[in-house]
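1. One predicted model, sequence on top.
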Amino acid sequence: MKGYLSIQHVSKQFPGVKALDDVSFDIKIGEVHAICGENGAGKSTLMNILSGNYQADSGSISYDDVECVFHNPHIAQNFGFAIVHQERSLVDSLSVADNIFVNHQPTVAGVINRKEMLRKTQALLEQLHQEDIHPSDIVGNLSPAKQQMVELCKALELKPKVLILDEPTATVTEVETKILFDTIRELKEQGVTVVYISHRLAEIFEVCDRVSVLRDGKYQKTLEIKDIVVDDIIRLMVGRDLSNERFESYQTEEEVLRVENLCGERFRNISFTLHRGEVLGFAGLAGAGRTEVARAIFGADRKTGDVYVHGKKIKATHPRDAIRCSIGYLPEDRKTDGLFLRMTVEENVISGNLRHAAPHHLLQRSIITKEAEAAKEKLHIATPSVKRPTEDLSGGNQQKVVIGKWLLVDSEILIVDEPTRGIDVGAKDEIYRLIRDMVSSGKSVILISSDLPEILRMSDNIIVMYNGVITGKLDNRSGEALSEELIMKYASGLVSENA
Amino acid sequence: MEKLKTRPGSNLLMRSLQERVISLAAMIVLVIAICGIIWPKTFLTVPNLKSVLLNVSIRSIVALGMMNLLISGYIDLSVSSLLALSGGLAAVLITKNHFAPGVAILISLSIGAVVGLVNGFMVAVIGINPMIQTLAMQYICSGLCLVIAGPIVSGLPKGFTWLGQRVILGMQMPIVFMLLLVILLTFLNEKTVFFRRNYYIGGNQKSAALSGINVKGMIMFNYVVTGLLAAFAGILTAARLGTASSTAGTSLEMKCICACVLGGASMQGGKGRVLGALLGMVFMGILDNIIVIAGVPVEWNNVVTGTVLALAVTLDVFLQKRKV
């Protein structure tokens, strides 16, 4: 179709799963078009096809009536399709400029023109208001948020006709998000088509014109953003309405964990108390220091200050000390810190508590399998066998494996760090239910999350952090719900109750 | 809603192809059968097969330690010269300083443990790259061997050489030691919580630490075990030959890595079984033996070994692809 980036009858089969099933829709050239769907809905597969990384089994793609056949990413780039992948594509040991001009450095007579390369990089960085990044900075030394901006520069440098952004805000702070949105609007004015994928539906309403929804590899519908509300998208994504009600509070007055004046490299003066049966939410922006506090309590990082469990001071200098004091920690990045991806589900489930499978000091395979089967049953882990490698599972199921591991450790205090990041809406619900089950049986949970509705829905009390300090402590048990706006004020340092 | 990638070929054949210990054992049986038909009088005889086993027995002991390290995702290049050092040291202590063989052996083993501890400390605590640290240690040990013992020490007494030469139940001592160590380490690796942790460390070191595993301690322990086994192999080598040579064990570290990878270890860690190290060594030993029996110039040994290793890992890549 003239004036459209048109996707027609695209199908893609992977062994055992139809990732895309006869998907057809049109993206208007020059619009910002969102693509929504749960994990495994086929968004990433479609983006990989658009960027030449995968080839469709059948169907076609055309841009303004020109057929696009991309046998590899290089052809797609030359045609004007650039993508910022969800996974990082930067080389840590190289400079910003080297990363941006990875395969097409400006040359003079076949020799790389370094000066020109640095100058062009500088211009790109200025365009994105990243004056504090220098073109010759080493990428590995930049924060994740800044690295994401370099990724964006790398895509912009290709002067794309179509820019695909796959979860571009997952690792950035509010400041970068705003710059990103401004950039998207500028690109739109220049006639660039932007395809935008995000789990954060609020962002879609801020910056997109239209949205197309995929479910289980099938195309559902395309909607005009101005005509709809968030729930319309969710309904199309999951095929049903999700309950949004708050859970009953199980909090008691019994203190299980008390933290006094905890200070570390990226936080200071952290004091709070956790009670039996309580879910204590930690809200704040990325980089506010919440994960660092959790790691310090868990003994993974150095710290000063005191931690008491049941009124007794503990000294945790290694995670195993904290585990002995009945503290568990589900890390933020389950792939790099929580799982043994190449190992089987059962080996992962037992990994926190090998002794449990060795009643007489000798490991018994049958106990390992039995415990893993029990976890699979209880947590509804979707895997044909517990002897499968964990990397074969979807994100939500991988997270359930990590939860299963810590359920088996049976810690009284569990710190869960971003438990639903990158997980689809249905699996989220199940994880919420599991957390509520834990506190109803007398355990206590610290929930770190950047997802405000999640914090509001799950927590008995909320602690808000900004820039390494606690700016607010809020009681969420009263009937009237706290507003997201109020938490955002504390989280962005606009107000603070603790001097 | 939640989708799973299914893996075809979970049938018995695919499973045993993916379990290297089984496929390699089958391969060894197959090679022995075929060569037994071709050379029934020279290859398929008890003395010949026993000599193969004797040839690989001491190397296999070193490979056991290497396997343990590879499972946890680490490597030790210093085993070869540590073997020469420990043999040379024991020989000098006995012949020049007139130590009792038992005392000399204990001192040699301690040196092996110390070398392992230094390697482990530098790698796990200080954070030196394992290749570089153990390469440096390889130079240090081979230098020390020449300083302490010189190129060759001969004239070792019977009180020492019986360790390598006596025959029990029709088997030479090195074979007995090798079998005992294989059984012991297999048991420890498969059945004890302590050794099982190595698989988690090799699988994902960060996750392992956050699961409460003392990663640094385990790594140091593994290097000490490897050092002890290499030192013991050095003592056995000297005892078997009645002579300690500074060139004993040359390029043994590469043979060990080769055997472990053939036996199912991965350079990324988290994979492998003790028995695999032994089977890998045995397979390589049989190939060497066949070349001699077939009358091919021995210079071809390394060509064949290299080719087999490359084929084995290529097969692995294809099996991995089948999984997706």
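-> Here it is on my side, so go on.

2. Am I right that A:Lys2 sits in a strand?
-> No - when DSSP: H, G, I helix; E, B strand; the rest coil is applied, A:Lys2 is found to be coil, with no strand at that position.

3. Please name the spatially closest residue to it (chain neighbours excluded).
-> Once flanking residues are discounted, A:Lys2 sits nearest to A:Asp65: 5.3 Å by C-beta to C-beta, 6 or more residues apart in numbering or on different chains. Where C-beta positions appear, they are placed from N, C-alpha and C, glycine not excepted.

4. what ranges of chain B fall below the confidence cut-off?
-> B:1-12, B:14-15, B:320-324 (pLDDT under 70).

5. Wait, a strand at A:Ser450?
-> No - per three-state DSSP, A:Ser450 lies outside any strand segment and is coil.

6. From A:Ile83, how far off is the closest residue to chain B within the stretch 51-200 of chain A?
-> With C-beta to the nearest C-beta as the measure, A:Tyr54 is the residue of the stretch 51-200 of chain A nearest to chain B, at 12.6 Å. To A:Ile83, A:Tyr54 is 12 Å away according to C-beta to C-beta, to the nearest Å.

7. quick one: which of these two has more around it?
-> Counted by other C-beta atoms under 10 Å in any protein chain shown, A:Tyr54 and A:Ile83 do not tie: A:Ile83 has more neighbours, with 25 against 19.

8. could you show me where the helices are in the stretch 201-350 of chain A, in order?
-> Per DSSP state H, counting those that start in this stretch, the stretch 201-350 of chain A carries helices over the ranges A:201-207, A:230-238, A:290-297, A:319-324, A:345-350.

9. Compare the ones you listed and give me the one nearest chain B.
-> Judged by C-beta to the nearest C-beta, the one of those that comes nearest to chain B is helix A:319-324, at 3.8 Å.

10. Do that closest one and chain B come into contact?
-> Yes - judged by C-beta under 8 Å from any C-beta of the partner chain, helix A:319-324 comes into contact with chain B at A:Pro319, A:Arg320, A:Ala322, A:Ile323, A:Arg324.

11. mean confidence for that helix?
-> Averaged over helix A:319-324, pLDDT sits at 92.

12. Any buried residues in that helix, and which?
-> Of the residues in helix A:319-324, A:Pro319, A:Arg320, A:Ala322, A:Ile323 count as buried by neighbour count, 16 or more other C-beta atoms under 10 Å in any protein chain shown.

13. Quick check: the two most widely separated of those residues?
-> The two members of the buried residues of helix A:319-324 with the most space between them (C-beta to C-beta) are A:Arg320 and A:Ala322, at 7.4 Å.

14. Quick check: neighbours shared by those two?
-> Listed as contacting both A:Arg320 and A:Ala322 by C-beta atoms under 8 Å, 6 or more residues apart in numbering or on different chains are A:Gly299, B:Gly212.

15. can you pull the contacts of the residue positioned nearest the centre of chain B?
-> Per C-alpha atoms, centre = their mean, the C-alpha nearest to the average position across chain B is that of B:Ala63, at 0.5 Å. Residues in contact with B:Ala63, defined by C-beta under 8 Å, 6+ apart, are B:Lys255, B:Cys256, B:Ala259, B:Cys260, B:Ala277, B:Leu278, B:Gly280, B:Met281.

16. Thought B:Arg59 was touching the second one, still the case?
-> Just to be clear, that refers to B:Cys256. Yes - at 6.9 Å, B:Cys256 counts as touching B:Arg59 under the criterion of C-beta atoms under 8 Å.

17. Please identify which of these two sits among more neighbours.
-> Summary of the neighbour comparison: B:Cys256 and B:Arg59, criterion other C-beta under 10 Å, with B:Cys256 having more neighbours (32 against 26).

18. Distance-wise, check the more buried one relative to chain A.
-> With distances taken as C-beta to the nearest C-beta, to the nearest Å, B:Cys256 is found 23 Å from chain A.

19. do the same with B:Gln165
-> Computed with C-beta to the nearest C-beta, the distance linking B:Gln165 and chain A is 36 Å.

20. which one is that residue nearest to, not counting chain neighbours?
-> Closest residue in space to B:Gln165, ignoring its immediate chain neighbours: B:Arg240 at 6.1 Å, by C-beta to C-beta, 6+ apart.

21. hang on, that neighbour is in a helix, isn't it?
-> Yes - residue state for B:Arg240 (three-state DSSP) corresponds to a helix.

22. count of residues packed around it?
-> By the other C-beta under 10 Å criterion, the neighbourhood of B:Arg240 contains 19 residues.

23. which ones are touching it?
-> Here B:Arg240 is in contact with B:Ile58, B:Thr161, B:Leu163, B:Gly164, B:Gln165, B:Gln172, B:Met173, B:Pro174 (criterion: C-beta under 8 Å, 6+ apart).

24. which of these count as buried?
-> By the neighbour-count criterion of 16+ other C-beta under 10 Å, these include these buried positions: B:Ile58, B:Thr161, B:Leu163, B:Gly164, B:Gln172, B:Met173, B:Pro174.

25. Now the fifth one: closest residue in space, sequence neighbours ignored.
-> So that's B:Gln172. Counting by C-beta to C-beta, 6+ apart, B:Gln172 lies nearest to B:Leu54, which is 5.4 Å off, once chain neighbours are set aside.

26. which SSE is that neighbour in?
-> Using DSSP states H and E, B:Leu54 falls within helix B:46-71.

27. Identify each buried residue in that helix, please.
-> By neighbour count on 16+ other C-beta under 10 Å, the buried set for helix B:46-71 is B:48-49, B:52-71.

28. next one: stretch A:12-32
-> Judged by neighbour count (16+ other C-beta under 10 Å), stretch A:12-32 contains these buried residues: A:12, A:17-21, A:23, A:25-27, A:29-32.

29. Which ones among those residues lie within strands?
-> Cross-referencing those against strands under DSSP state E gives A:Lys12, A:Val17, A:Lys18, A:Ala19, A:Leu20, A:Asp21, A:Val23, A:Phe25, A:Asp26, A:Ile27, A:Val32.

30. what's the lowest-pLDDT member of these?
-> Looking at pLDDT alone, these dip lowest at A:Val17, where the score is 67.

31. Quick check: pLDDT value at the residue in the stretch 151-300 of chain A that chain B sits nearest to.
-> With distances taken as C-beta to the nearest C-beta, the stretch 151-300 of chain A approaches chain B most closely at A:Ala300, which sits 6.3 Å away. The predicted structure scores A:Ala300 at 91 on the pLDDT scale.

32. can you tell me how far the nearest residue to it once chain neighbours are set aside sits from A:Leu407?
-> In space, and not counting its chain neighbours, A:Ala300 is closest to A:Pro319: 5.5 Å by C-beta to C-beta, 6+ apart. Taking C-beta to C-beta as the measure, A:Pro319 falls 17 Å from A:Leu407.

33. quick one on the thing from earlier: now for the contacts of B:Arg240: which two are most distant?
-> Among the contacts of B:Arg240, the pair separated by the greatest distance (C-beta to C-beta) is B:Ile58 and B:Thr161, at 14.0 Å.

34. Show me the shaky parts of the stretch 201-350 of chain A.
-> The model of the stretch 201-350 of chain A has pLDDT under 70 over residues A:240-246.

35. and it, which residues reach chain B?
-> With C-beta under 8 Å from any C-beta as the criterion, the stretch 201-350 of chain A comes near chain B at residues A:216, A:238, A:298, A:300, A:318-320, A:322-324, A:329, A:331, A:336-343, A:347.

36. What subset of those residues is buried?
-> With neighbours counted using 16+ other C-beta under 10 Å, those contain these buried positions: A:216, A:238, A:298, A:300, A:318-320, A:322-323, A:329, A:331, A:337-343, A:347.

37. quick one: contacts for residue 208?
-> You didn't pick a chain, so chain A it is. Contact criterion C-beta under 8 Å, 6+ apart gives A:Val32, A:His33, A:Ala34, A:Tyr196, A:Ile225 as the residues in contact with A:Cys208.

38. not what I meant, chain B
-> Applying C-beta under 8 Å, 6+ apart to B:Ala208 gives the contacts A:Phe340, A:Ser351, B:Arg197, B:Tyr200, B:Ile201, B:Val215.
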